[in-house]
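In: what's the 3D shape of this:
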Amino acid sequence: MLFNSLTFLAFATVYFPVHFAVRGNIRIAWAMVASYFFYGWWDWRFLPLIMLSTAINYAAGLLIGNARPQWRKTIVCIAVTCNLGILALFKYFDFFIASLQIAFASIGLLVSPGLLNLVLPIGISFYTFHGISYVIDVYSGSCRTERNPLRFAAYIALFPQLVAGPIVRASRLLPQMIIDQPFDLKRVLRGIELVIIGFALKLIVADNLAAFVDASFSNVTDSSGAALALATLFFTFQIYGDFAGYSLIAIGLGVVMGYDFGENFRRPYLATSFSDFWQRWHISLSSWLRDYLYIPLGGNRSGGLLTARNLFIVMFLGGLWHGANWTFVIWGLLHATYLVLQRGADGVFPASRRHWVSDAAQIIAVFLAVNFAWIFFRSQSLADALLVIRKIATGDDGTAALADRLAIVRNLLIICALMGMEIIAEYRQRRGLPARFMNPWLRAIFLLVLLWLIASFGAFEGSEFVYFQF
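Out: Next up, the predicted model:
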């Protein structure tokens, strides 16, 4: 069920009145049933899998809470292995088998291992990470064992953050689900405000840019270098508008329900370093990788070489998490390279007093490097990605006609408007001012203008969100 669909509007119209009309376990049970309905709308056959994942992690939490100290680590390892095993089976089995087949073929060995051709369950990467973080947090003591099976099932399946995040940890959300938040008009309006901003990012920014991006990257052979350079720039903002838009809709729906999911994006294209970028982009994932992978590996505590190793492991797995394709792996390794080079540069050129000129130069440099890495993320294959880079570098003319120039101008204006608002918000924050209008009348006018812009310039084809494929 897509957020940007009439079906979801009908779903929300039914769900929220009941949510506020009931209390206690009835509210939790209603959230669980509604979330399973929301998830099953795509394909009911995926429901047993999420139920199995829920059961494994719920049981693991109970066992860890009751086990003797010498058994607790074993239970964690078994639970994490089960979670990763399910994810690997559905998402990576065919990928690795096909890669092995190609590797054997390169040395003259022809093997034909069987592929499972399993359908990838939507959102499996997200709810798997929810389950893993819960088990590890119970083991570490940062989260209490959840003994209410309804509440735990509702946490795993909660529909706003189920299929594309944010990755809200159990230690954050489960305590909130114990409290029955009453209907609060001010809070509900704040949630609706976030939802409207999210829809603006999706329908005005992402979906308008998507048409040009899809046309260029689906026909790399015939597209010109100029078209592919524009398509790369547009995709940089498409994926931001798409995923940040989804996150804001999810966070806003959580606010309406009475839950705080936290922040998932914070003006990432104004980052002054690559580490700063990852503190602003997909914050729930980057912090998950930091806390459950990078720090346990040793983080930056063991010298330069081991720190570089840890960064490459984390970003390799972070890239692979996004999809079973070597393009995602290269994207992750590029970001690992950026982070390692940044650490080396910081050692040679210590940070000096901040100045807006140096900040601007750093922002542009980071943006261009991130923009380059998105080529691999968006391309269907490594061959396509390399062809895109070659065509851009050589200024290849191509054979396909450039798209409507008015559409290109419109897209560039959309990007300029978005970045203008981002710069204003960043400036206000650095000055210690609130990033949004505090005057209720100004906020109301702003939201009305946004609604008018959505109605006037939004793309209403009901396209899926980019991160649904992960």
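
In: show me where pLDDT drops low in the stretch 301-450 of the chain?
Out: Counting by pLDDT under 70, the stretch 301-450 of the chain shows low-confidence ranges at 347-356, 400-403, 435-438.

In: What of the stretch 1-150 of the chain?
Out: Judged by pLDDT under 70, the stretch 1-150 of the chain has its weakly predicted residues at 103-106, 109-116.

In: By residue count, tell me the biggest helix in this protein.
Out: helix 225-257 (DSSP state H).

In: for that helix, the distance to its chain's centre please.
Out: 10 Å (Cα atoms, centre = their mean, to the nearest Å).

In: could you say what helices and strands that helix packs with?
Out: helix 6-21, helix 185-200, helix 207-217, helix 356-378, helix 382-394, helix 405-430 (3 or more Cβ pairs under 8 Å, 6 or more residues apart in numbering; DSSP states H and E). Where C-beta positions appear, they are placed from N, C-alpha and C, glycine not excepted.

In: Could you save those helices as JSON lines and add columns showing mean neighbour count?
Out: Listed next are those as JSON lines, based on neighbours: other Cβ atoms under 10 Å:
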{"stretch": "helix 6-21", "mean neighbour count": "14"}
{"stretch": "helix 185-200", "mean neighbour count": "18"}
{"stretch": "helix 207-217", "mean neighbour count": "21"}
{"stretch": "helix 356-378", "mean neighbour count": "16"}
{"stretch": "helix 382-394", "mean neighbour count": "16"}
{"stretch": "helix 405-430", "mean neighbour count": "14"}
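
In: can you put these in TSV and add distance to Arg147?
Out: Listed next are the helices and strands packed on helix 225-257 as TSV, based on distance: least, Cβ to Cβ, whole Å:
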stretch	distance to Arg147
helix 6-21	23
helix 185-200	29
helix 207-217	44
helix 356-378	41
helix 382-394	48
helix 405-430	41
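
In: mind checking which of these is nearest Trp281?
Out: helix 356-378 (8.5 Å; Cβ to Cβ).

In: Just the CA trace of the closest one, in CSV.
Out: Output in CSV follows, covering the C-alpha atoms of helix 356-378 (Å, rounded to 0.1, in the frame of the first residue of the first chain):
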residue,chain,number,x,y,z
TRP,A,356,31.8,30.5,5.1
VAL,A,357,34.2,30.4,2.1
SER,A,358,36.0,27.3,3.3
ASP,A,359,32.6,25.8,4.3
ALA,A,360,31.2,26.4,0.8
ALA,A,361,34.2,24.9,-0.9
GLN,A,362,34.0,21.8,1.3
ILE,A,363,30.2,21.5,0.7
ILE,A,364,30.8,21.6,-3.1
ALA,A,365,33.6,19.1,-3.0
VAL,A,366,31.6,16.6,-0.8
PHE,A,367,28.5,17.1,-3.0
LEU,A,368,30.4,16.4,-6.2
ALA,A,369,32.0,13.2,-4.8
VAL,A,370,28.6,12.0,-3.5
ASN,A,371,27.0,12.9,-6.8
PHE,A,372,29.6,10.7,-8.6
ALA,A,373,29.0,7.8,-6.3
TRP,A,374,25.2,7.9,-7.1
ILE,A,375,26.1,6.9,-10.7
PHE,A,376,26.8,3.4,-9.4
PHE,A,377,23.8,3.4,-7.1
ARG,A,378,21.4,4.2,-9.9
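
In: From the chain's centre, how far out is it? Work that out for me.
Out: Worked out by Cα atoms, centre = their mean, helix 356-378 lies 19 Å from the chain centre.

In: Mind giving me the packing neighbours of it?
Out: Helices and strands touching helix 356-378, as assessed by 3+ Cβ pairs under 8 Å, 6+ apart, comprise helix 225-257, helix 274-278, helix 326-348, helix 382-394.

In: In contact with the residue positioned nearest the centre of the chain, which residues are there?
Out: Here the mean C-alpha position of the chain is nearest to the C-alpha of His282 (Cα atoms, centre = their mean), at a distance of 5.2 Å. Shown here is His282, whose contacts under the criterion Cβ atoms under 8 Å, 6 or more residues apart in numbering are Gly165, Phe243, Asn264, Phe265.

In: cool, and Trp278?
Out: Counting by Cβ under 8 Å, 6+ apart, Trp278 makes contact with Ser286, His335, Leu339.

In: Would you mind measuring from the closest residue to the first one other than its chain neighbours to Ser302?
Out: Same thing as Ser286. Counting by Cβ to Cβ, 6 or more residues apart in numbering, Ser286 lies nearest to Trp278, which is 4.5 Å off, once chain neighbours are set aside. Noted for Trp278: a distance of 20 Å to Ser302, by Cβ to Cβ, to the nearest Å.

In: Wait, Arg151 touches Asp180, no?
Out: No: Arg151 sits out of contact with Asp180 when judged by Cβ atoms under 8 Å, with a separation of 11.9 Å.

In: and the two? which has more neighbours close in?
Out: The residue with more neighbours, out of Arg151 and Asp180, is Arg151; 19 against 14, by other Cβ atoms under 10 Å.

In: of all the helices and strands packed on helix 356-378, which lies closest to Met419?
Out: Across these, the minimum distance to Met419, taken as Cβ to Cβ, is reached by helix 225-257, at 8.4 Å.

In: Domain map for this structure?
Out: Annotated domains of the chain cover 6-180, 187-469 [automatic domain parsing].

In: can you list contacts of the one helix or strand Lys73 maps to?
Out: Taking DSSP states H and E as the definition, Lys73 sits inside helix 69-87. Helix 69-87 is touched from outside by 49, 52-53, 56-57, 60, 63-64, 67, 124-125, 128, 131-132, 135-136, 139, with contacts defined as Cβ under 8 Å, 6+ apart.

In: Give me the distance from it to the chain's centre.
Out: Here the centre of helix 69-87 is set off from its chain's centre by 25 Å, with Cα atoms, centre = their mean.

In: Tell me what angle the following helix or strand past that helix forms with helix 326-348.
Out: Note on helix 69-87: by DSSP H and E, the next helix or strand toward the C-terminus is helix 93-106. Going by axes from the mean of the first three to the mean of the last three Cα atoms, to 10 degrees, helix 93-106 is angled at 90 degrees with respect to helix 326-348.

In: Identify each buried residue in helix 93-106, please.
Out: For helix 93-106, the neighbour count (16 or more other Cβ atoms under 10 Å) marks Asp94, Phe95, Gln101 as buried.

In: ok, now stretch 453-466?
Out: Going by neighbour count (16+ other Cβ under 10 Å), the buried part of stretch 453-466 is Ile454, Phe457, Gly458, Ala459, Ser463, Phe465, Val466.

In: Relative to Leu382, which of the residues you listed is nearest.
Out: Taking Cβ to Cβ as the measure, Val466 is the one of the buried residues of stretch 453-466 closest to Leu382, at 19.8 Å.

In: is it true that Pro434 touches Arg428?
Out: Yes: distance between Pro434 and Arg428: 6.8 Å, which falls inside the contact criterion (Cβ under 8 Å).

In: sorry, back to before: only the buried subset of the contacts of helix 69-87, as a PyMOL command please.
Out: Here is the PyMOL command that selects only those of these that count as buried (16+ other Cβ under 10 Å):
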select buried, resi 53+56+57+60+63+64+67+124+125+128+131+132+135+136+139
